Each structure stands twice: as structure tokens, then as C-alpha cells.
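Colleague: Got a predicted structure here, sequence first:
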Amino acid sequence: MNKTELINAIAEKSGLSKVDSKKALEAFIESVAEEVKGGGKVALVGFGTFSVTEKAARKGINPRTKAVIDIPAKKVVKFKAGAELSAL
């Protein structure tokens, strides 16, 4: 399902227009992104939790040259599915 299909599904199930459904979806995405960028987490009971986790710096190997390279530490977004979603 892509974004357009999701907007259509939201409009159909909620009774909102497609324009309002698009605004609602974009507001949701923006709100989650802002919270996660700030280091917080968003927990949606029954669906899952969006959070930020830190990956430590590590050594890696370039598969083409077999040279050892340093991979810097970074922050990544993590989604953990809730119990109801996992049960599917």
C-alpha cells in the first residue's frame, strides 16, 4: 500500500474527504517525526512504538576491496510492533 492508497483507505473508513484524510495523515507523520527527532518516543497502544536508538561506532569491511573501514555512531528510528499487531 502506498501513500495514496492509504489516504483513500482512511477517507473510506472515516467518512472524511480525501483532502481531509491527506491533511490528517501528513499531520500524523509530521508529529511523529518531530517527536522522534527530538529524542522522544510515540507509543500507540495496540499498534506499536516509534523510538530512537543509538548505534555504536564499529568496524566494517568494504566487500569490494576487503578494506577495513570505520562506521561512525548514528541514531536510527526504530518501530516495535504492539501485541495486537504482532498477533496478525
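Modeller: That came through, no problem.
Colleague: what are the ranges of the helices in the chain?
Modeller: 3-14, 18-37, 83-86 (DSSP state H).
Colleague: and of the ones you listed, who's closest to residue 55?
Modeller: Between residue 55 and the helices of the chain, the tightest spacing by Cβ to Cβ is seen for helix 18-37, at 15.1 Å. Just so you know, the C-beta spots here come from the backbone N, C-alpha and C atoms, and that holds for glycine as well.
Colleague: okay, the helices of the chain in CSV with distance to residue 55 and mean neighbour count next?
Modeller: Shown next, in CSV, are these (distance: least, Cβ to Cβ, whole Å; neighbours: other Cβ atoms under 10 Å):
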stretch, distance to residue 55, mean neighbour count
helix 3-14, 28, 13
helix 18-37, 15, 13
helix 83-86, 23, 11
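Colleague: what sits up against the helix or strand bottoming out on mean pLDDT in the chain?
Modeller: None of the helices or strands of the chain scores lower by mean pLDDT, DSSP states H and E than helix 83-86, at a mean of 88. Defining contact as Cβ atoms under 8 Å, 6 or more residues apart in numbering, one finds that helix 83-86 is touched by 46-48.
Colleague: With neighbour count, distance to residue 64 and pLDDT added, can I get those residues in CSV?
Modeller: CSV is the format used below for those (neighbours: other Cβ atoms under 10 Å; distance: Cβ to Cβ, whole Å; pLDDT from 0 to 100):
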residue, neighbour count, distance to residue 64, pLDDT
46, 8, 45, 88
47, 14, 41, 92
48, 17, 37, 94
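Colleague: What distance do you get for the residue nearest to residue 53 when sequence neighbours are not counted to residue 25?
Modeller: The spatial neighbour of residue 53 that comes closest, neighbours along the chain excluded (Cβ to Cβ, 6 or more residues apart in numbering), is residue 78 at 4.9 Å. Computed as Cβ to Cβ, to the nearest Å, the residue 78 to residue 25 distance reads 21 Å.
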